[in-house]
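> Below is the sequence, then the predicted model.
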Amino acid sequence: LLYMALAGLSLATHLTSTGSPVPQSDCTISITVDACACSIMTMAFIWERTGSSLQLSLWSLLIPLASPGFVLGSFCALQHDVILHVLAPLQEYVARSLAHSDEKVRGWMNLGLWKGCTSYNTACRQLCEIVGEAAGLKK
């Protein structure tokens, strides 16, 4: 039903566009209709997957800033944890570069809490302890 409505909107725009001052050519009309249709389909897809008005609103704010394709691709990537497959190796690289060359990295996957220390391992341990305390974990 949504696709039929978008097709009808596209046809109606093309048929009635001769007297309209903006957009002025068939090409700009077509691009405008395509962008609107892609935006609506992107928002419908996000709503279908999340059912959240807040998420729909936040993602919709990105459409005019980026593009419907960017928003849809980013949403799908987050839904399939693709971003995590990129961020985890990047985070590991940054963590290793923060460690001093004479210091052995002990498998930490955080960037640490650098309060009063110069050691990467100590900074990571401090951050883990604070997060553990906030979560109510005990040694």
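Happy to help now that I have it. None of these values were measured; they are calculated from a predicted model.
> so after whichever helix in the chain runs longest, what's the next helix or strand?
As assigned by DSSP state H, the longest helix anywhere in the chain is helix 26-50. Next helix or strand after helix 26-50 toward the C-terminus (DSSP states H and E): helix 53-62.
> What segments of the protein are helices?
Under DSSP H, the chain gives helices at 2-16, 26-50, 53-62, 68-79, 82-98, 120-134.
> contacting residues around the fourth one?
Counting by CB atoms under 8 Å, 6 or more residues apart in numbering, the neighbours of helix 68-79 from elsewhere in the structure are 35, 38-39, 41-42, 45-46, 49, 59-60, 62-63, 82-83. Using the backbone N, CA and C atoms, a C-beta is placed for each residue, glycine as well.
> then that helix to CSV, C-alphas only?
Extracted in CSV, the C-alpha atoms of helix 68-79 (Å, rounded to 0.1, in the frame of the first residue of the first chain):
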residue,chain,number,x,y,z
PRO,A,68,18.0,8.6,3.3
GLY,A,69,20.5,6.1,2.0
PHE,A,70,23.0,7.0,4.7
VAL,A,71,20.4,6.8,7.4
LEU,A,72,19.1,3.5,6.2
GLY,A,73,22.6,2.0,5.9
SER,A,74,23.6,3.2,9.3
PHE,A,75,20.4,1.9,10.9
CYS,A,76,20.8,-1.5,9.3
ALA,A,77,24.5,-1.6,10.2
LEU,A,78,23.7,-0.9,13.9
GLN,A,79,20.9,-3.5,13.8
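> what comes up buried for that helix?
Neighbour-count burial for helix 68-79, counted by 16 or more other CB atoms under 10 Å, picks out 68, 71, 72, 75.
> Using TSV, please lay out these together with pLDDT and distance to residue 118.
Shown next, in TSV, are the buried residues of helix 68-79 (pLDDT from 0 to 100; distance: CB to CB, whole Å):
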residue	pLDDT	distance to residue 118
68	81	47
71	83	42
72	83	45
75	84	41
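> and the residues you listed as a markdown table, adding distance to residue 132?
Putting the buried residues of helix 68-79 into a markdown table (distance: CB to CB, whole Å) gives the following:
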| residue | distance to residue 132 |
| --- | --- |
| 68 | 42 |
| 71 | 37 |
| 72 | 38 |
| 75 | 33 |
